[in-house]
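Chemist: Test case, fold it:
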Amino acid sequence: MERYFSTDVLLDILQRLPPSSRRRARLVCRHWRDVVDERTEEMKSRAMPLIWDTSGSVANYVADDLSRPWASAEIGNRMVDSAYRFKGGVQLVGTCNGLLCLCSNKKPGGAIMVVNPSTREKLRVPPLPGVRSRRGVGWDKAYSFGYHPVTGRYKVVHVPCSLDRACEFDVLHVFTLGEAAWREVPLVTLGGAKCNLNAGIVSVDGVTYWVAGDDSARVMSFDLQDERVVSTTWLPTVPAGRDQYHLTEAHGRLGVVALDASMTAEVWLLEKEQWSRRYILRGHDLPRPQVVYGNYVLTRKSVSFYGHWFWRSPGGRSVVHVSHFDNGRLVAKMIGEHYCYRTFAYVKTSEPLGVFRRKQLGMDMELINDF
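Modeler: Next up is the predicted model:
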């Protein structure tokens, strides 16, 4: 097929496709991948930190350029929530290809909505079925938002667990954008599972991960294509205390951030079923859940966020060290005196939500009162 199309003609065709289809077109061959990556605007854009205020009292911002120092006049250089004016209690579950998955904790089970800040489109997800009210639960912590690069499908995964106890469960709840209802996926081969929500639930390259809620420190995975749960691996290192480590994503791989008593943070990545230590940061506070953005590691001190640039040779496996003397570059300073922030990867996209809305026939997809 490549022999019949010049690069310019191929580019013109690819640009007429929606972003999700262009991402899948990358899988055809190396030439198509290079054209999509190098000639389309969205793929050339690097994901930047989205700093989300979990208290609901301050606007949420995207740090546009980690290589440029922050200036007071640039605070809030882009307000990702300006199109919606979200009410308090709405939390960000995760981001995929520029889409934001939000959860309102006002109702049992949480109310889920997917939005595109660039196009101001919004898509309401049906309520989670069969939910019993439980007090003191941050429902957003039990959800994850993922995308499978081969099928091109976006899925919201709910792990039926709570923050205050690692309860057992034998089914997962899955909602695919464009479908009409949630589905239950039985954990047939495991005979039940648990989840440590304090470690977080992340979706990386078409797979959703969480840490089993017991002392074994097992990492469980849920493949978004075949919808099968397996025990993937063991954590490389787990400090004392459930709040001293969390899952993350870095360079398209599953990662874990572990903090010891001396305030030394280590970032490990899972590569070819083996854990490798990639970053060591001494005396720095790392935000959750995402800390690595391209060639930068993000740290935080109070309400200020700093970018630490590093250089690694192609294919290099050396460990990157960031000492407590390295202050980094100030890239964002939030308004307010609280420290309730979470960080995610965000890139501007024109990904349409209307195609999913049309598939959900007979449903009212307008903005609901919880948002």
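Chemist: Any regions of the stretch 101-250 of the chain where pLDDT drops low?
Modeler: 132-137, 162-167, 188-192, 213-216, 238-243 (pLDDT under 70).
Chemist: Let me see the ranges of the strands in it.
Modeler: Here the stretch 101-250 of the chain has its strands, by DSSP state E, counting those that start in this stretch, at 111-116, 121-124, 143-147, 154-158, 171-176, 183-186, 202-204, 207-211, 218-223, 229-234, 245-250.
Chemist: which outside residues touch the third one?
Modeler: For strand 143-147, the external contacting residues (C-beta atoms under 8 Å, 6 or more residues apart in numbering) are 20, 93-97, 99, 101, 103, 110, 112, 114, 153-159, 201-203, 206-208, 210, 224. For every residue, glycine as well, the C-beta is placed using N, CA and C.
Chemist: returning to what we had before: could you dump the strands of the stretch 101-250 of the chain to JSON lines with distance to Val319?
Modeler: As requested, those are exported to JSON lines (distance: least, C-beta to C-beta, whole Å):
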{"stretch": "strand 111-116", "distance to Val319": "37"}
{"stretch": "strand 121-124", "distance to Val319": "42"}
{"stretch": "strand 143-147", "distance to Val319": "29"}
{"stretch": "strand 154-158", "distance to Val319": "32"}
{"stretch": "strand 171-176", "distance to Val319": "35"}
{"stretch": "strand 183-186", "distance to Val319": "38"}
{"stretch": "strand 202-204", "distance to Val319": "21"}
{"stretch": "strand 207-211", "distance to Val319": "23"}
{"stretch": "strand 218-223", "distance to Val319": "21"}
{"stretch": "strand 229-234", "distance to Val319": "20"}
{"stretch": "strand 245-250", "distance to Val319": "13"}
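Chemist: Nearest to Asp285, out of these?
Modeler: Asp285 lies closest to strand 245-250 among the strands of the stretch 101-250 of the chain, at 13.0 Å (C-beta to C-beta).
Chemist: other SSEs contacting that closest one?
Modeler: Secondary-structure packing of strand 245-250 (3 or more C-beta pairs under 8 Å, 6 or more residues apart in numbering; DSSP states H and E): strand 202-204, strand 207-211, strand 253-259, strand 264-271, strand 292-293.
Chemist: could those go into CSV alongside mean neighbour count?
Modeler: Shown next, in CSV, are these (neighbours: other C-beta atoms under 10 Å):
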stretch, mean neighbour count
strand 202-204, 22
strand 207-211, 24
strand 253-259, 22
strand 264-271, 19
strand 292-293, 22
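Chemist: now for the ones you listed, which one comes closest to His284?
Modeler: Here strand 264-271 is closest among the helices and strands packed on strand 245-250 (C-beta to C-beta), at 6.6 Å.
Chemist: Sheet partners, orientation included, of that closest one?
Modeler: Sheet pairing of strand 264-271 (DSSP bridges) gives strand 253-259 (antiparallel), strand 274-282 (antiparallel).
Chemist: Nearest to Phe344, out of those strands?
Modeler: Judging those by C-beta to C-beta, what sits closest to Phe344 is strand 253-259, at 14.2 Å.
Chemist: What score does the residue most central in space within the chain have for pLDDT?
Modeler: Residue closest to the mean C-alpha point of the chain, counted by C-alpha atoms, centre = their mean, is Gly94 at 4.0 Å. At Gly94, the predicted lDDT confidence score is 95.
Chemist: Apart from its neighbours in sequence, what residue is nearest it?
Modeler: Nearest-residue entry for Gly94: Phe145, 3.9 Å, with adjacent residues in sequence omitted and distances by C-beta to C-beta, 6 or more residues apart in numbering.
Chemist: And for Ser203?
Modeler: Closest residue to Ser203 apart from its sequence neighbours, by C-beta to C-beta, 6+ apart: Gly146 at 3.1 Å.
Chemist: now do Lys348
Modeler: With C-beta to C-beta, 6+ apart as the criterion, Lys348 has its nearest non-adjacent residue at 5.0 Å, and that residue is Ser118.
Chemist: next one: phi and psi at that neighbour?
Modeler: Reported as degrees, to the nearest 10, the phi and psi values for Ser118 are phi -70, psi -40.
Chemist: And for it, the neighbour number?
Modeler: For Ser118, the count of nearby residues is 16 (other C-beta atoms under 10 Å).
Chemist: With Val28 instead?
Modeler: Val28 is flanked by 13 other residues according to other C-beta under 10 Å.
Chemist: On the three-state scheme, it is what?
Modeler: Secondary structure, DSSP: H, G, I helix; E, B strand; the rest coil: Val28 is coil.
Chemist: I'd say Val230 and Val219 touch.
Modeler: No. Using C-beta atoms under 8 Å, Val230 makes no contact with Val219, being 9.9 Å away.
Chemist: Counting neighbours, go ahead and name the busier of those two.
Modeler: Neighbours were counted for Val230 and for Val219 using other C-beta under 10 Å; Val219 has more, 22 against 14.
Chemist: for the more buried one, what are its contacts?
Modeler: Contact analysis of Val219 by C-beta under 8 Å, 6+ apart lists Tyr209, Trp210, Val211, Ala212, Ser231, Thr232, Thr233, Trp234, Leu235, Leu247, Leu254.
Chemist: OK, contacts around the fourth one?
Modeler: When the contact criterion is C-beta under 8 Å, 6+ apart, the partners of Ala212 are Ala193, Lys194, Cys195, Asn196, Arg218, Val219, Met220, Ser231.
Chemist: Sounds good, over and out.
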